[in-house]
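> Below are the sequence and a predicted model; questions follow.
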Amino acid sequence: MTNIPSDQHITYQLQYRKCGKPSCSTCKAGQGHGPYWYAYWREGSRLRSGYIGKVHPNAQKQAEAEAARATAKLLTKEYAAASAAH
Ligand SMILES: [Zn+2]
């Protein structure tokens, strides 16, 4: 997977892609596979792109943040229990 830099301005685009297989009915019938999210950013003067997937990165981040919050809460509880024991 392409590493999407976190210190760059990223543009996200929802796109369909054709896989290029001549036997693929999905591509023959329509726009191709997807839509999937792609990230675009500049590396010097070059435009780079990276595949993300079906879920927008912000939605993914939100889910991650929620998971992190849940873990933090759990840790806080454990810590409170541990310090209460002292
Ligand atoms: Zn295809």
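Right, received. Where do you want to start?
> And the pLDDT at the residue nearest in space to the middle of the chain?
Closest residue to the average C-alpha location of the chain: P57 at 3.7 Å, with CA atoms, centre = their mean. On pLDDT, P57 comes in at 79.
> How many residues are close by C27?
17 (other CB atoms under 10 Å). Where you see a C-beta, it was placed from the backbone N, CA and C, and this is true even at glycine.
> and it, what element?
Using DSSP states H and E, C27 sits in helix 25-29.
> Run through the neighbouring helices and strands of the helix or strand just after that helix.
Sequence-wise, the next helix or strand downstream of helix 25-29 (DSSP H and E) is strand 33-43. If contacts are counted by 3 or more CB pairs under 8 Å, 6 or more residues apart in numbering; DSSP states H and E, strand 33-43 sits against strand 11-17, strand 46-53.
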